[in-house]
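A.B. asks: missing the sequence, but the structure's below:
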């Protein structure tokens, strides 16, 4: 098997930082320093920040995707990251806290869980049961919207917008609530 035939699972790290009161500006400056270094690391795919809600939370969640678990481990253990974690520690209430997941396992992690991940066949059934209704309903909204804004109705553009909408809904709206709903069965 040559290198182009190999399959990669991908890997995601979910980092949670609780920032001290009054240190948010310094922490955001730190994010602007570490972000570009992470984005040029070998295998980097995605970087998302979920910022705290003013007056309600103090936690930042950073979700970083890499193409392989090895590339993710290389970044997490890199001298650049270690140096910048040492720099940010005084701004944090607790030490650098993160969990590493393969593929999309992080979608199935209940808040606060560190290691328990449901078996793959249950992940498959839950994901399928969530995507199926979205794949039927989203095109009914997106296709007319494409026409309404005057975009050309190409198969590629429609597919791009429909799948992007479905994935966005899955990650940000459906799965966080759906996994809570089915968690007793999912983690049994």
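C.D. replies: Received it, and whenever you're ready, just let me know what you need. These numbers were taken from a predicted model, which means no experiment stands behind them.

A.B. asks: This protein: strands as residue ranges?
C.D. replies: Listed in chain order, the strands of the chain (DSSP state E) span 11-18, 44-50, 59-66, 97-102.

A.B. asks: tilt between the last one and strand 11-18?
C.D. replies: With axes from the mean of the first three to the mean of the last three Cα atoms, to 10 degrees defining the directions, strand 97-102 sits at 160 degrees from strand 11-18.

A.B. asks: do the same with the second one
C.D. replies: Between the axes of strand 44-50 and strand 11-18, defined by the same axes, to 10 degrees, the angle is 30 degrees.

A.B. asks: center of this protein, which residue is that?
C.D. replies: residue 63 (4.6 Å; Cα atoms, centre = their mean).

A.B. asks: so it touches residue 38, yeah?
C.D. replies: No: judged on Cβ atoms under 8 Å, residue 63 makes no contact with residue 38 at a distance of 11.5 Å. Where you see a C-beta, it was placed from the backbone N, CA and C, and this is true even at glycine.

A.B. asks: Pull up the overlap in contacts between the two.
C.D. replies: residue 47 (Cβ atoms under 8 Å, 6 or more residues apart in numbering).

A.B. asks: biggest helix in the chain, by residue count?
C.D. replies: helix 120-148 (DSSP state H).

A.B. asks: domain ranges for the protein?
C.D. replies: With domains defined by automatic domain parsing, the chain comprises 3-103, 120-186.

A.B. asks: With mean pLDDT added, can I get those domains in TSV?
C.D. replies: TSV is the format used below for the domains of the chain (pLDDT from 0 to 100):
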stretch	mean pLDDT
domain 3-103	84
domain 120-186	86
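
A.B. asks: related to what we said a few turns ago, contacting residues for the residue nearest to the centre of the chain?
C.D. replies: Contacts of residue 63 by Cβ under 8 Å, 6+ apart are 12-15, 46-50, 106.

A.B. asks: please redo it, this time with the cut-off set to 10 Å
C.D. replies: 12-15, 46-50, 101, 106, 171 (Cβ atoms under 10 Å, 6 or more residues apart in numbering).

A.B. asks: Just read off the phi/psi values of the residue sitting furthest away from the middle of the chain.
C.D. replies: Relative to the centre of the chain, the most outlying C-alpha is that of residue 150, 32.0 Å out, by Cα atoms, centre = their mean. When quoted as degrees, to the nearest 10, the phi and psi of residue 150 stand at phi 80, psi 20.

A.B. asks: Residue numbering should commence at 340 henceforth.
C.D. replies: All right, first residue 340 from here; so that's residue 489.

A.B. asks: ok, it to residue 437 distance?
C.D. replies: 44 Å (Cβ to Cβ, to the nearest Å).
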